[in-house]
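1. fold the following for me, if possible:
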Amino acid sequence: MEIAASVETLRARIDEVVAAAGRPPGSVTVLAVTKVQSRDAVLTAIASGITDIGENYLQEARDKYVDLPAVRTHFIGHVQTNKAKAIASLFDIVQSVDRLDAGLALAKAARALGKPLRVLVQVNISPQDRFGVAPDEAPALAERLRGEGLTVDGVMAIGPLDGDVGDAFALARETFERVGGTTLSLGMSGDWEAAIQAGSTMIRIGTGIFGARPKRELHA
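-> Got it, this is the predicted structure:
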């Protein structure tokens, strides 16, 4: 299915799920995950109405996220402290702050760049996930990073690969309420409907927009 048609179909289904959950129209943002997709595919998604795009790998974004139409760029990969300045320079929002040293490095980089930087605290709600701060530790991390000048605007979490996601998503929502902010980034192509029912304000969609990923992946 072509990207534009995929976006249209996805938005129609989102509207249905949002309405069924008793939530107002327009309360969920679609973040297009552009991992291993071409620059042309990214531009097509933006032309189809996508306003937020996200990358896991810095090098891929360096190749694709230049001279784009007006769009918000999100870093959704693991933050390496030695790449904090490059990440802060290239992205508007960093969703994957899961430990203090990463947040401090981003705050230092943002100050050096004279750039306001929004971040989300990545919370671990899945036994399969290697990254993410424990839910009980998230509010303290958020407050510390706010004290460093970062705009901590909510929580990001990755749901469990197997089983019922209900309890995990409820934990993410509870943590978001304690952290504060406007963004609960929760739900991907396989579980976004349950995420919206749990209160997600942003879903991260890759294959649901672009189709199956190419086998070749680039790493940075």
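2. by contact count, what packs against the longest helix seen in the chain?
-> Across the chain, the longest stretch assigned as helix under DSSP state H is helix 3-20. Other helices and strands packing on helix 3-20, by 3 or more CB pairs under 8 Å, 6 or more residues apart in numbering; DSSP states H and E, are strand 29-33, helix 39-47, helix 192-198, helix 207-210. For glycine as for every other residue, the C-beta is placed from the backbone atoms N, C-alpha and C.
3. contacting residues around the helix or strand that the longest one is followed by?
-> Spelled out, that is helix 39-47. Next in sequence after helix 39-47, counting helices and strands by DSSP states H and E, comes strand 52-55. Strand 52-55 is contacted from outside by 29-35, 42, 45-46, 61, 64-65, 71-77, 91, 95, 202, 204, using CB atoms under 8 Å, 6 or more residues apart in numbering.
4. try stretch 119-133
-> The contact list for stretch 119-133, computed with CB under 8 Å, 6+ apart, reads 78, 93-99, 103, 106, 134-135, 138, 141-142, 145, 150-162, 168-169, 171-172, 175, 179, 181, 183, 185.
5. among those, the buried ones, what's the ChimeraX command?
-> To isolate the buried members of the contacts of stretch 119-133 in ChimeraX, using 16 or more other CB atoms under 10 Å:
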select :93,94,95,96,97,98,99,103,106,135,138,141,142,145,150,152,153,154,155,156,157,158,159,160,168,169,171,172,175,179,181,183,185
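6. sort out for me which of the contacts of stretch 119-133 are in helices.
-> Gly103, Leu106, Ala138, Leu141, Ala142, Leu145, Ala168, Phe169, Leu171, Ala172, Thr175, Val179.
7. and Thr73, what does it touch?
-> Asp52, Ile53, Gly54, Glu55, Ala61, Tyr65, Leu90, Phe91, Asp92, Ile93.
8. same thing but 10 Å
-> For Thr73, the contacting residues are 34, 52-55, 61, 64-65, 90-94, by CB atoms under 10 Å, 6 or more residues apart in numbering.
9. shaky segments in the chain?
-> 1, 214-220 (pLDDT under 70).
10. rewinding a little: please check the contacts of strand 52-55 and keep the buried ones.
-> Looks like the contacts of strand 52-55 have 29-35, 42, 45-46, 61, 64-65, 71, 73-77, 91, 95, 202, 204 buried, using 16+ other CB under 10 Å.
11. who's in contact with Met202?
-> Taking CB under 10 Å, 6+ apart as the criterion, Met202 is in contact with 28-31, 52, 54, 74, 93, 95, 120, 154, 156, 182-187, 192, 195-196.
12. hmm, 8 Å instead?
-> Met202 makes contacts with Val28, Thr29, Val30, Leu31, Asp52, Thr183, Leu184, Ser185, Leu186, as judged by CB under 8 Å, 6+ apart.
13. pretty sure the second one contacts Thr51?
-> Yes - if you go by CB atoms under 8 Å, Thr29 and Thr51 touch, sitting 7.3 Å apart.
14. just to revisit the earlier point, want to throw the contacts of Thr73 into TSV with distance to Phe210?
-> Formatted as TSV, these follow (distance: CB to CB, whole Å):
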residue	distance to Phe210
Thr34	8
Asp52	14
Ile53	11
Gly54	12
Glu55	13
Ala61	16
Lys64	13
Tyr65	16
Leu90	21
Phe91	20
Asp92	21
Ile93	20
Val94	22
